[in-house]
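Chemist: here's my sequence, what's the structure:
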Amino acid sequence: MTLLNNKQPLAHEVVEDSNPTDNIDFQTIISRRLNRRSILKGGTGLTAAAFFGALPLVGCSDDDDSSPIKNTDNNAAIPAQGDLKRPETLKFTAVAHSTAETMSVAAGYKAEIILPLGTPLISGIDDWKDNREQSAESFEWRMGDNHDGMWFFGKKGGAYDAKAAENGLLVMNHEYVNSNELSPFGYHVIQDNNAAPIFKNRRLASDVRREVNCHGVAVVEMKRRADGMGYEMVPDSKYNRRLTSSSTAQLTGPVAGSDLVKTKFDPTGFQTRGINNNCGAGLSPWGTYLTTEENFLGVFARGQDASQLSDGQNYGRERYGATEDFPGWEYLWHTPEAKDAKIADEFSRWDMTAVGTSAADDYRNGFNTFGYITEIDPFDQNSMPQKRTALGRFAHENCAYAPVEQGKPVVFYMGDDARGEYIYKFVSKAIWSNSDIGGGLKAGDKYLNDGTLYVAIFNEDGSGEWKALVHSQNGLDASNTVLPFNGQDEVLVFARAAADVVGATKMDRPEWVSVSPVTGEVYVTLTNNKYRGVREDQPVSASNPRSYQAGEKAAGNDNGHIIRWAEAGGDHAAMSFEWDIYLFATPYDLTAENLSQLNDSNDLSSPDGLYFDPRGVLWIQTDDGAYTDTSSCMLLAALPGKVSDGTAITTSAGQQTRVGMPASNDNIKRFFVGPEGCEVTGITMAPDFKTLFINIQHPGNTWGAIAGGSTPRSATVMITREDGDVILAESFV
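Modeler: The predicted model follows:
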């Protein structure tokens with residue numbers, strides 16, 4: 001997630017841009033020269049079949065979209081629902097646009113605020129008090145800030161049970177901090193103009209400790225309320241736990257023990273401190289929590305040390321945005337005076353400047369220990385987070401697995417949320433066994449520490465291919481002149497640079513990924529990109545086809561879109577796929593760019609969060625700054641079709657592409673609108689489908705504040721039907 005609300009004091013709205021390559025765009029230009037004459041000859045009425053030729057429809061079931069989910073084998077840790085079918089149409093009344101201070105939900109539903117920032121998880125800690133700073137240490141046992149990705153883990157008999165709905169563990173990310181929520185008396189910065197550039201602004205140790213503890217993950221035991229409607233926290237549960245940016249984490253996989261991750265904290269390179277900027281989340285097929293590290297760049301600083309590093313080392317840092325004299329964003333965690341530190345290197349570990357004689361003397365490699373998919377077992381309160389380095393290092397938005405099959409590898413999909421970055425998948429070396437469900441971190445060791453990471457290429461003709469990021473393949477070796485790759489550890493730590501080399505397609509900020517349980521097709525939100533069609537290194541292409549100016553807004557892809565693909569033969573380990581654009585987000589009255597035919601009941605901007613529930617309903621969340629004069633961020637319910645169910649179109653930029661079947665009030669509709677100033681993010685359902693959880697980040701005004709208070713707080717929203725029935729039950733026929 002990336003905040004686009006300029007009202008927030010921390011610079012989380014900064015979207016990191018560090019891709020200097022023009023790899024795939026050169027290929028795009030060549031393709032256009034060869035194909036544009038024949039493609040555009042037919043105009044907007046050209047059929048999809050004529051545009052894409054005789055490409056087969058791959059990876060799609062012949063079953064009707066309303067087919068029931070019949071067994072657990074293909075869904076593993078997701079519970080089977082017997083004969084519960086996907087709705088054939090959406091029958092609830094759409095929620096209207098709103099910019100109100102409060103939230104609104106579809107008629108017949110109830111939305112409640114639970115677990116806001118600062119909520120104590122154990123006894124002995126004071127309740128949140130408005131307009132008073134909470135102690136830094138207390139946040140080791142409080143809900144953190146900016147709730148994000150999450151999952152509900154059914155619990156029965158002290159163990160994980162995917163079908164259990166009376167009791168469970170709600171596990172969620174805390175992505176970043178809003179200083180106006182945590183420090184209502186002000187964001188205190190001490191200026192020192194005589195200091196080095198990265199230390200000109202210093203912060204108090206207590207403030208930094210509070211923010212460090214507000215990042216990470218919360219595990220909260222929940223039980224069904226006495227009235228049967230929704231859930232409440234179990235106070236003092238042995239499962240209630242916080243994992244923060246101070247928690248020790250284990251590095252696993254090919255990067256563990258590499259020279260690239262050796263630090264003063266652990267000269268052996270097997271551990272680091274902290275999980276950070278945790279954005280979206282995923283479930284593993286065996287039932288553990290997969291959290292993601294996204295904008296980790298913002299908490300690190302780098303001084304002048306280029307002369308002490310090789311050209312390759314410098315490029316590797318810069319490719320992730322860490323240039324010389326980079327002070328981080330506005331966190332400044334590296335700046336408190338050492339004399340205020342309770343433990344050695346408490347703050348200096350956020351400074352990656354090479355100042356010692358070797359990596360064991362400083363934290364030059366601390367930066368390389370962040371940016372990974374991290375696995376947590378919520379049922380083992382003594383377990384350590386496992387950073388799964390085989391899945392690559394980049395600004396992970398979330399992680400979604402494909403339906404698993406006995407005897408086949410496990411496949412995960414991921415996006416890198418920055419302008420012009422890439423889409424990846426990981427294919428395990430181990431083949432899936434249903435016996436590993438409930439296997440905890442040992443199952444993670446089996447499936448996540450050894451496998452192949454791939455990056456996507458979206459061709460102009462609607463086909464696509466996966467390129468392996470493997471040392472000694474596809475030019476990834478020591479002969480590379482920009483960044484020599486001397487081993488698989490370097491390929492994974494610098495996965496972005498490796499993807500550059502193999503010609504990956506620059507996308508418009510790939511965010512959440514979700515896989516349809518009905519068709520097996522993969523969906524990815526491409527939130528927006530102000531540079532698309534504006535900068536020479538990011539021209540429009542078939543997979544990122546819009547660049548347009550709306551009113552006073554500058555050109556670019558302001559509103560985003562959702563792309564999807566079907567893997568060849570329905571095999572998620574396949575090396576090729578067919579793609580189209582499921583949905584173009586836009587205000588409904590933006591005629592020239594309303595390519596999905598949205599109306600005022602289902603228009604949206606900047607799709608971000610994405611979640612297929614086990615029935616096949618797609619839930620879409622927004623993180624928007626382009627349409628918020630009309631409506632705050634929202635949650636929509638959708639019933640997608642299949643790849644190739646639409647037609648070929650030409651955008652106002654003159655780019656040919658294809659789009660899925662038109663939107664209508666039957667197949668996509670606005671279900672919820674958040675309070676003014678917020679982002680709607682994070683989503684999960686209870687196993688019985690009677691409770692939907694979503695999160696609200698950085699709300700405006702006094703949303704989430706205690707009674708009579710003035711400080712807004714990020715929080716979880718619990719949505720239930722007023723009659724206690726299944727969510728969207730009225731849609732079933």
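Chemist: in the stretch 401-550 of the chain, which spans are helices?
Modeler: 440-448, 488-493, 495-502 (DSSP state H, counting those that start in this stretch).
Chemist: with just CA atoms, put the second one into CSV.
Modeler: Taking Å, rounded to 0.1, in the frame of the first residue of the first chain, the C-alpha atoms of helix 488-493 are listed here in CSV:
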residue,chain,number,x,y,z
GLN,A,488,22.1,-17.2,-6.4
ASP,A,489,22.3,-15.1,-3.2
GLU,A,490,23.1,-12.0,-5.2
VAL,A,491,20.4,-12.8,-7.7
LEU,A,492,17.8,-12.9,-4.9
VAL,A,493,19.1,-10.0,-2.8
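Chemist: what does that helix contact?
Modeler: 253-255, 258, 260-261, 316, 368, 389-390, 392-393, 453, 469-471, 476, 483-485, 498 (C-beta atoms under 8 Å, 6 or more residues apart in numbering). (Glycine included, C-beta is placed from N, CA and C.)
Chemist: and what of the first one?
Modeler: Residues from elsewhere that reach helix 440-448, judged by C-beta under 8 Å, 6+ apart: 252-253, 284-288, 373, 375, 377, 379-380, 383, 386, 388, 390-391, 410, 426, 428, 430, 432, 436, 439.
Chemist: closest one to residue 108 among the helices of the stretch 401-550 of the chain?
Modeler: Nearest of these to residue 108, taken as C-beta to C-beta: helix 440-448 at 39.3 Å.
Chemist: run a quick neighbour tally on residue 552.
Modeler: 5 (other C-beta atoms under 10 Å).
Chemist: before we move on, back to that, pull out the buried residues from the contacts of helix 440-448.
Modeler: Neighbour-count burial within the contacts of helix 440-448 applies to 252-253, 284-288, 373, 375, 377, 379, 383, 386, 388, 390-391, 410, 426, 428, 430, 432, 436, 439; the criterion is 16 or more other C-beta atoms under 10 Å.
Chemist: so which of those sit within strands?
Modeler: The strands, defined by DSSP state E, take in 252, 373, 375, 386, 388, 410, 426, 428, 430 from the buried ones among the contacts of helix 440-448.
Chemist: include pLDDT and distance to residue 546 when you put those residues into CSV, please.
Modeler: What follows is these, written out as CSV (pLDDT from 0 to 100; distance: C-beta to C-beta, whole Å):
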residue, pLDDT, distance to residue 546
252, 98, 40
373, 98, 30
375, 98, 37
386, 98, 40
388, 98, 35
410, 98, 35
426, 98, 30
428, 98, 36
430, 98, 41
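Chemist: contact partners for residue 243?
Modeler: 216-217, 219, 275, 376, 385.
Chemist: again, only using 10 Å
Modeler: 140, 144, 171, 173-174, 215-219, 249, 274-275, 278, 291, 374, 376, 378, 383-385 (C-beta atoms under 10 Å, 6 or more residues apart in numbering).
Chemist: and the gap between it and residue 217?
Modeler: As judged by C-beta to C-beta, to the nearest Å, residue 243 and residue 217 stand 5 Å apart.
Chemist: which residues are common contacts for these two?
Modeler: Common neighbours of residue 243 and residue 217 are listed as 144, 171, 173-174, 275, 278, 291, 374, 376, 378, 385 (criterion: C-beta under 10 Å, 6+ apart).
Chemist: by neighbour count, which of those wins?
Modeler: residue 173 (33 neighbours).
Chemist: where does that residue land in three-state SS?
Modeler: At residue 173, secondary structure determined by DSSP: H, G, I helix; E, B strand; the rest coil is strand.
Chemist: before we move on, what about residue 220?
Modeler: strand.
Chemist: any idea of the pLDDT on the closest residue to it other than its chain neighbours?
Modeler: Using C-beta to C-beta, 6 or more residues apart in numbering and skipping the chain neighbours, the partner closest in space to residue 220 is residue 170 (4.9 Å). Note for residue 170: predicted pLDDT of 98.
Chemist: which residues are in contact with residue 170?
Modeler: 114-115, 150-153, 218-222, 231, 233, 378, 684, 686, 693, 716, 718.
Chemist: these two touch, right, residue 205 and residue 211?
Modeler: No - using C-beta atoms under 10 Å as the test, residue 205 is too far from residue 211 to be in contact (11.0 Å).
Chemist: residue 637 bridge partners, please.
Modeler: residue 619, residue 669 (DSSP bridges).
Chemist: count of residues packed around it?
Modeler: Neighbourhood size, residue 637 [other C-beta under 10 Å]: 25.
Chemist: list the contacts of the residue nearest to residue 268 when sequence neighbours are not counted.
Modeler: Take residue 268 and drop its neighbours on the chain: the residue closest to it by C-beta to C-beta, 6+ apart is residue 257, 6.4 Å away. Residue 257 is in contact with 251, 266, 268-270, 489, counting by C-beta under 10 Å, 6+ apart.
Chemist: try 7 Å
Modeler: Contact partners of residue 257, counting by C-beta atoms under 7 Å, 6 or more residues apart in numbering, are 268-270.
Chemist: so where is the protein shaky, pLDDT-wise?
Modeler: Scanning the chain for pLDDT under 70 picks out 1-14, 23-75, 79-83, 131-132, 184-186, 340-342, 732-733.
Chemist: sorry, back to before: now name the helix or strand holding the residue nearest to residue 220.
Modeler: strand 167-174 (DSSP states H and E).
Chemist: quickly note the distance from the residue nearest to residue 220 to residue 717.
Modeler: Note on residue 170: its distance to residue 717, by C-beta to C-beta, is 12 Å.
Chemist: circling back to that earlier point, more neighbours, residue 205 and residue 211?
Modeler: Counted by other C-beta under 10 Å, residue 205 and residue 211 do not tie: residue 211 has more neighbours, with 27 against 19.
Chemist: give the contact list for the more buried one.
Modeler: 177, 182, 331.
Chemist: part of a helix, is it?
Modeler: Yes - assessed by three-state DSSP, residue 211 belongs to a helix.
Chemist: quick one on the thing from earlier: report the buried members of the contacts of residue 211.
Modeler: 177, 182, 331.
Chemist: check which helix or strand covers the spatially most central residue of the chain.
Modeler: Centroid-nearest residue in the chain: residue 397, 2.3 Å away (criterion: C-alpha atoms, centre = their mean). According to DSSP H and E, residue 397 maps onto strand 396-401.
Chemist: what's stretch 461-480 in contact with?
Modeler: So stretch 461-480 is in contact with 52-53, 55, 425, 452-458, 484-488, 491, 495, 498-499, 501-504, 565, 575-580, 658, going by C-beta under 7 Å, 6+ apart.
Chemist: those residues in strands, which ones?
Modeler: 425, 452-458, 565, 576-580, 658.
Chemist: still on that earlier bit, direction included, what does the strand holding residue 170 pair against?
Modeler: Short version: by DSSP bridges, strand 167-174 pairs with strand 147-156 (antiparallel), strand 216-224 (antiparallel).
Chemist: quick one: which of those strands is nearest residue 700?
Modeler: strand 147-156 (16.0 Å).
Chemist: after the closest one comes which helix or strand?
Modeler: That would be, after strand 147-156 and using DSSP H and E, strand 159-160.
Chemist: if anything else comes up later, I'll come back, but that's it for now.
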